[in-house]
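Colleague: The sequence and its predicted three-dimensional model are supplied below.
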Amino acid sequence: MTNTASRERMPDRRPNQTRELTWAESDGQATTYTITIGFRLNGTSAEVFCDGAKTGSAMQALLADACVVVSLALQHGIEPSALVHSMARVPVTETETAPASIIGAITEVLMQGSAIEGMDLQMTADRTTAALDLKVAFEPEDASPMERMPR
């Protein structure tokens, strides 16, 4: 099988936005996760990172792997809305559903940040600026995904 889709290489420095997501497990315990969305210069989302699970836990590894897969899908041209519609959902009311997993919730956060109206990003030699009130940060060129996570 030949891979015909090419992956978009991300610039070493790129704007990002950080949000918090609180997820309640079936046992009722809630955990707050930090979701960071990396953007292309046109304002569309191109990658996602998640932090907040206990260090060294299976959940931390699962979220890191899921974010890599979601990021690769975005960089191969898959729209965030397609990811959201592909994830499992559970009924909340007769007319509403919610993500069935934290991974589905992350894709919803990603979709909300994927088309920020009026976003005008400009790269300069030493910083990125955004026309909207966004939390913008830099990522070291040689940082691993976990090192790029906000602390």
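Modeller: Perfect, thanks for sending it. Numbering: from 1, shown residues only.
Colleague: Export stretch 95-104 to CSV, keeping only CA atoms.
Modeller: What follows is stretch 95-104, C-alpha atoms only, in CSV (Å, rounded to 0.1, in the frame of the first residue of the first chain):
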residue,chain,number,x,y,z
THR,A,95,-31.7,15.7,21.6
GLU,A,96,-28.1,16.2,22.9
THR,A,97,-25.0,14.0,22.9
ALA,A,98,-21.6,14.5,24.4
PRO,A,99,-18.2,13.0,23.7
ALA,A,100,-17.8,9.4,25.0
SER,A,101,-14.2,9.8,25.9
ILE,A,102,-11.6,12.5,26.8
ILE,A,103,-10.2,12.1,23.3
GLY,A,104,-13.5,13.0,21.8
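Colleague: residues in contact with that stretch?
Modeller: 21, 23, 33, 62-63, 66, 70, 84, 87-92, 105, 107-108 (CB atoms under 8 Å, 6 or more residues apart in numbering). Yep, even glycine has a C-beta here, placed from its N, CA and C like the rest.
Colleague: buried set for that stretch?
Modeller: 99, 102-104 (16 or more other CB atoms under 10 Å).
Colleague: Quick one, which of the contacts of stretch 95-104 are buried?
Modeller: For those, buried by 16+ other CB under 10 Å: 21, 23, 33, 63, 66, 70, 84, 105, 107-108.
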